[in-house]
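Student: dropping a prediction and its sequence here:
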Amino acid sequence: GDSVTQMEGPVTLSEEAFLTINCTYTATGYPSLFWYVQYPGEGLQLLLKATKADDKGSNKGFEATYRKETTSFHLEKGSVQVSDSAVYFCALSASSYGQNFVFGPGTRLSVLP
Amino acid sequence: ETGVTQTPRHLVMGMTNKKSLKCEQHLGHNAMYWYKQSAKKPLELMFVYNFKEQTENNSVPSRFSPECPNSSHLFLHLHTLQPEDSALYLCASSQGPGGGDTQYFGPGTRLTVL
């Protein structure tokens, strides 16, 4: 079945450091790919998405590119802030109707001042 | 209100109590979901409803009973819960189940079972 693998962390960075959180997936067909973020005490918020190969999703300085050849959707940010401290989830939604989301285990990011 | 709302935000209950969690979506979506998020465990899909019909039940114990009276409202009725049921319960909605649709989440209900 479909699956998502991501580095579980925790990842600890200093403010203004470069961030990469790796995400790879296994799926039949052409899934849509997502990054969600969960701040402490809150639900999941959509951060960005890409629906086809070579698409780049971006939001709030975060970017991820849908790489079909490597089945990856790595999340990057050039300069992290303390306010980016959260848990980040990679997910896919299969192209077939009736197939549910598959979430990765989440990566906890802590950014130190 | 916009998006997906959940009430209550926090709930403390004893093992013999009966309570209900409520979710409402204002996005015109047709599919709604309940997830359980426990500490140090992956997100667990519990139930899926599409056009008010339950389409998935991921082997959830019968002490959790979902109800979907219409496409905008979803309830999770709780009774005789166990301490290990303490978790964050998240509701989500999407235009349809799968097909690349984005899921939108509510803020969750933090449940503590004593």
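Tutor: That came in fine, so what should we check first?
Student: which stretches of chain B have low pLDDT?
Tutor: Counting by pLDDT under 70, chain B contains low-confidence ranges at B:1-2, B:98-99.
Student: mind jotting down where the strands sit in it?
Tutor: For chain B, the strands defined by DSSP state E cover B:4-7, B:10-13, B:18-25, B:31-37, B:44-50, B:53-57, B:64-70, B:73-79, B:87-94, B:104-105, B:109-113.
Student: what of chain A?
Tutor: In chain A, the strands defined using DSSP E lie at A:3-6, A:11-14, A:19-21, A:23-26, A:32-38, A:44-50, A:56-59, A:62-65, A:75-77, A:86-93, A:101-103, A:107-112.
Student: what's near enough to touch the most centrally placed residue in chain B?
Tutor: Centroid check for chain B by C-alpha atoms, centre = their mean gives B:Trp34 as the closest residue, at 2.9 Å. By C-beta atoms under 8 Å, 6 or more residues apart in numbering or on different chains, the contact set of B:Trp34 is B:23, B:45-47, B:66, B:74, B:76, B:89-91. Every residue, glycine included, has its C-beta placed from N, CA and C.
Student: how close does B:Cys68 sit to B:Pro61?
Tutor: Relative to B:Pro61, B:Cys68 is positioned 19 Å away (C-beta to C-beta, to the nearest Å).
Student: and those two? Which one has more around it.
Tutor: The neighbour count for B:Cys68 versus B:Pro61, taken as other C-beta atoms under 10 Å in any protein chain shown, is higher for B:Cys68 (20 against 11).
Student: how about the more buried one, nearest residue that isn't a chain neighbour?
Tutor: With sequence-adjacent residues excluded and distances taken as C-beta to C-beta, 6 or more residues apart in numbering or on different chains, B:Cys68 is closest to B:Tyr49, at 4.2 Å.
Student: surely the one you found meets B:Leu74?
Tutor: Yes - if you go by C-beta atoms under 8 Å, B:Tyr49 and B:Leu74 touch, sitting 6.4 Å apart.
Student: if we can go back for a sec, out of the strands of chain B, which is closest to A:Lys60?
Tutor: strand B:104-105 (17.1 Å; C-beta to C-beta).
Student: partners of the closest one in the sheet?
Tutor: Strand B:104-105 has the following strand partners under DSSP bridges: strand B:87-94 (antiparallel).
Student: A:Tyr30: how many residues sit nearby?
Tutor: 14.
Student: ends of stretch A:17-36, how far apart?
Tutor: 21 Å (C-alpha to C-alpha, to the nearest Å).
Student: one step back: next, count neighbours for the residue nearest to B:Cys68.
Tutor: Neighbours of B:Tyr49 under the rule other C-beta under 10 Å: 21.
Student: got a list of what it touches?
Tutor: Counting by C-beta under 8 Å, 6+ apart, B:Tyr49 makes contact with B:31-33, B:55, B:66, B:68, B:74.
Student: please apply the same query to A:Lys60.
Tutor: A:Lys60 is in contact with A:Leu47, counting by C-beta under 8 Å, 6+ apart.
Student: again, but for the one 3 residues further on
Tutor: Contact partners of A:Glu63, counting by C-beta under 8 Å, 6+ apart, are A:48, A:56-57, A:75-77.
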